[in-house]
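J.: Output the structure for:
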Amino acid sequence: MTTPNADRRSVFITGAAAGIGRATALTFARKGYVVGGYDIDEVGLKTLADEIDQMGGSSQTGHLDVTDSDEMARCVGEFAEAAGGRLDVMINNAGILRAGRFEELDVAGHLKEIDINTKGVVNGLYAAFPYLRDTRNSVVVNLSSASAIYGQAELANYSATKFFVRGITEALDIEWSRHGIRVIAMWPLYVQTAMTDNIKTGTTDSLGIRLTAQDIADAIVAATEPSALRRALHQVHFPVGSQTKVLVAGSRFSPAWLTRLVNKKLAHS
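T.: I've put the predicted structure just below:
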């Protein structure tokens with residue numbers, strides 16, 4: 001990667017080799033950002049870098065296991081240095097999804113899901129902070145989920161990890177506001193990626209899998225460049241897609257027993 005002018009905005013994306021991460025990397029590249037794409041899938045990263053190069057963009061890619069705090073710190077630091085000392089957008093996207101009844105899934109898989117979906121976010125936040133602090137109007141984007149509205153049957157552990165993402169997003173958006181850092185969360189429903197290829201639950205039957213990776217990428221870019229109204233309201237959570245928006249709006253006004261009943265019916269439980 002050629003060292004860019006420090007005036008060019010930069011974005012660091014975990015889980016960038018495929019799916020939402022890849023679509024987001026390409027979308028930011030088209031907008032002229034210096035893109036840092038990191039993943040354990042180095043073959044996917046190579047094709048991502050080639051695609052960004054072909055469009056005339058600037059990228060740096062590398063292996064990253066988000067559960068390794070030392071590797072995270074090294075990757076974020078090296079990218080920020082290569083990007084002229086700035087980090088405008090940090091996107092904690094890496095995650096896994098395991099579906100099924102809680103007791104029928106192995107405990108090792110549950111713990112791996114927790115490690116990637118929650119510890120990975122903590123590692124990303126911690127490593128990125130000093131560079132975000134030193135970059136004006138910086139933004140953190142955490143990938144949460146519509147499953148953080150109410151605990152989801154057949155996605156119990158995954159749903160719980162997304163409640164964690166919701167909570168840490170809200171807390172750090174308050175804490176880090178004094179440093180000029182926005183911390184926001186994206187809330188998609190099911191997305192058409194490899195992650196959902198073999199997923200079949202009561203809620204996928206009820207709601208389908210309608211969103212694309214590009215839908216989420218476009219929503220992320222829009223959220224990092226909010227309208228005057230959204231900025232004035234200081235929006236933290238960004239539901240993606242009409243179904244999620246309806247579910248979020250309904251949960252705000254319905255009593256807990258009704259929210260539970262709706263989720264129970266959607267899950268066919």
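
J.: Helices of the stretch 101-250 of the chain, residue ranges please.
T.: 107-114, 120-133, 156-175, 202-207, 213-224, 228-233, 242-253 (DSSP state H, counting those that start in this stretch).

J.: Can you lay out those helices as JSON lines showing mean pLDDT?
T.: Shown next, in JSON lines, are the helices of the stretch 101-250 of the chain (pLDDT from 0 to 100):
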{"stretch": "helix 107-114", "mean pLDDT": "98"}
{"stretch": "helix 120-133", "mean pLDDT": "98"}
{"stretch": "helix 156-175", "mean pLDDT": "97"}
{"stretch": "helix 202-207", "mean pLDDT": "80"}
{"stretch": "helix 213-224", "mean pLDDT": "96"}
{"stretch": "helix 228-233", "mean pLDDT": "82"}
{"stretch": "helix 242-253", "mean pLDDT": "86"}
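
J.: so of these, which one's packed in deepest?
T.: helix 120-133 (a mean of 21; mean count of other C-beta atoms under 10 Å). Any C-beta I mention is one placed from the backbone N, CA and C, and that applies to glycine too.

J.: ok, residues contacting it?
T.: Helix 120-133 has contacts (C-beta atoms under 8 Å, 6 or more residues apart in numbering) with 12, 14, 66-69, 72-73, 75-77, 80, 85-87, 90, 92, 94-95, 138, 140, 142, 164-165, 168, 172, 176, 179-181.

J.: what's the angle from it to helix 107-114?
T.: Computed by axes from the mean of the first three to the mean of the last three C-alpha atoms, to 10 degrees, the angle separating helix 120-133 from helix 107-114 equals 10 degrees.

J.: in the protein, which segments are predicted with low confidence?
T.: 1-6 (pLDDT under 70).

J.: still on that earlier bit, just checking, which of the contacts of helix 120-133 belong to strands?
T.: 12, 14, 90, 92, 140, 142 (DSSP state E).
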